[in-house]
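S.K.: Give me a model of this one.
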Amino acid sequence: MEKEIIAKAKAAKEAARKLAYTSTGVKNNALLAIAGELRKQSDYILKENARDVEAGKEKGLSKALIDRLLLTEERVEDMARGLETVSSLADPVGEVESMWTRPNGLQVGRIRVPMGVVGIIYEARPNVTVDAAGLCLKAGNAVVLRGGSEAINSNKAIARVIAAAAEAAGIPQGAVQLIENTDRAAVNVMLTLNEYLDVLIPRGGAGLIQTVVQNATVPVIETGVGNCHVYVDSEADPEMAEDIVINAKCQRPGVCNAIESMLVHKEIAEKFLPTALQKLKESGVEVRGCEKTRNIVPWVTPATEDDYAAEFLDLVIAVKVVESIDEAMDHIYRYGTGHSEAIITDSYHNGRRFQREVDAAAVYINASTRFTDGGMFGFGAEIGISTQKLHARGPMGLKELTTIKYIIFGEGQVRE
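M.R.: Numbers count the residues shown, from 1 in each chain. From the prediction side, this is the model:
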């Protein structure tokens, strides 16, 4: 196992040297070639994915996790279109951010350069294999992918398609590597490969992310556990609030930008909750609420302290009636994970205050948190949603996969 990982990481490191100065044209053509091959090889990919889905059902994975794992013709097409979008975006590599002249005549500049080798550790979402590879290649990085065991057949198929198409289009051999060993110990090996990996990005549940953050010696960009909230303000439009809550909870409950809790101002609660919670129930959502919520809608299950802290990733929602916007923001401060938060309100003052005071990577007024996504933000795709504050925050696109280099031009100057 360790030999496989080190050999693939070493090959990626060697490829990264050449990839760093590979032209934008070659990289774009490679992305388009990969997109074309994904479409051509769709039947093969879906066949391998079906094996994973069937195994997941036998293991008793939840419907939400099966949905994260499942590929369809439409989802394969979405992955291909995402690569085409990335190919059309400006290449950040070589971008001159600034240039200035010192009193001694030295010209000093900052330009964007690739990070080198990016390690991605993720769980049961095979689309990450495409998104990560595409973004890394466009930003001039080699990538070492380690997906979850639930998606191993899907990931093998996709990685083979990507690597073959990329190399045929001129990308250095070895730039896209998939660790095929599904033993959890493989993750531990990657965490300390400082010689070959320049950065690690974990994508998955809280357990995976904390394991990587707490044990890695390779630098880590922490991505998002998503305990996201919608706060329905006293001045909210009830119909708008219902639509947003249903979308944010139900469209894809197993993803990190779905909401897990709803906070409702006491002045609108009696009018809003009966209809909204009934619609959630009809959509298959289990509703857990505070005592005030249950006084208004008696069939709601009592909520516990743990429910407000949970990332359910399922058709479950925790509801709380609050006295004020301040209590709502205090609740978010206590339980939120810094991912995505939303307020539904017709009050300009309350909306702007919420955006100003809530500390999260993405803060919405009158829109679903489901938009926290690289594609939705115009990045084509994303490598993950960063919830930390150093280097990158929010959906991580091409620029976030680069770093800077100082370039200095002189005419013989020496330091006195």
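
S.K.: so what are the domain limits for the protein?
M.R.: 2-223+396-409, 228-371 (automatic domain parsing).

S.K.: would a markdown table of the ones you listed with distance to Ile383 be doable?
M.R.: For glycine as for every other residue, the C-beta is placed from the backbone atoms N, C-alpha and C. Compiled in a markdown table, the domains of the chain are given as follows (distance: least, Cβ to Cβ, whole Å):
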| stretch | distance to Ile383 |
| --- | --- |
| domain 2-223+396-409 | 5 |
| domain 228-371 | 13 |
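
S.K.: Turn those into a markdown table, including mean pLDDT.
M.R.: Below are the domains of the chain laid out as a markdown table (pLDDT from 0 to 100):
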| stretch | mean pLDDT |
| --- | --- |
| domain 2-223+396-409 | 95 |
| domain 228-371 | 97 |
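
S.K.: TSV for the ones you listed, including mean neighbour count and distance to Ala381?
M.R.: Listed next are the domains of the chain as TSV, based on neighbours: other Cβ atoms under 10 Å; distance: least, Cβ to Cβ, whole Å:
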stretch	mean neighbour count	distance to Ala381
domain 2-223+396-409	19	4
domain 228-371	20	14
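
S.K.: looking at those, which is closest to Arg415?
M.R.: Checking these against Arg415 by Cβ to Cβ gives domain 2-223+396-409 as the closest, at 8.8 Å.

S.K.: and the end-to-end length of that closest one?
M.R.: 44 Å (Cα to Cα, to the nearest Å).

S.K.: tell me the contacts of the closest residue in space to Leu313 that isn't next to it in sequence?
M.R.: Closest residue to Leu313 apart from its sequence neighbours, by Cβ to Cβ, 6 or more residues apart in numbering: Gly254 at 4.9 Å. Gly254 is in contact with Ser62, Ala64, Leu65, Asp67, Arg68, Leu313, Asp314, counting by Cβ atoms under 8 Å, 6 or more residues apart in numbering.

S.K.: Of all pairs in the residues you listed, which one spans the longest distance?
M.R.: So for the contacts of Gly254, where distance means Cβ to Cβ, the most widely separated pair is Arg68 and Asp314, at 10.9 Å.

S.K.: For stretch 303-319, C-alpha coordinates in CSV please.
M.R.: The C-alpha coordinates for stretch 303-319 follow below in CSV (Å, rounded to 0.1, in the frame of the first residue of the first chain):
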residue,chain,number,x,y,z
ALA,A,303,-35.3,18.7,19.4
THR,A,304,-32.3,18.1,21.5
GLU,A,305,-29.1,20.1,22.0
ASP,A,306,-27.3,17.7,19.7
ASP,A,307,-29.8,18.3,16.9
TYR,A,308,-28.9,22.0,16.7
ALA,A,309,-25.2,21.0,16.4
ALA,A,310,-25.7,18.2,13.9
GLU,A,311,-24.9,18.1,10.2
PHE,A,312,-27.6,15.6,9.3
LEU,A,313,-26.9,15.3,5.5
ASP,A,314,-30.3,13.8,5.4
LEU,A,315,-34.0,14.7,5.3
VAL,A,316,-34.0,16.0,8.9
ILE,A,317,-34.2,19.6,10.1
ALA,A,318,-34.0,21.2,13.5
VAL,A,319,-36.3,24.2,14.1
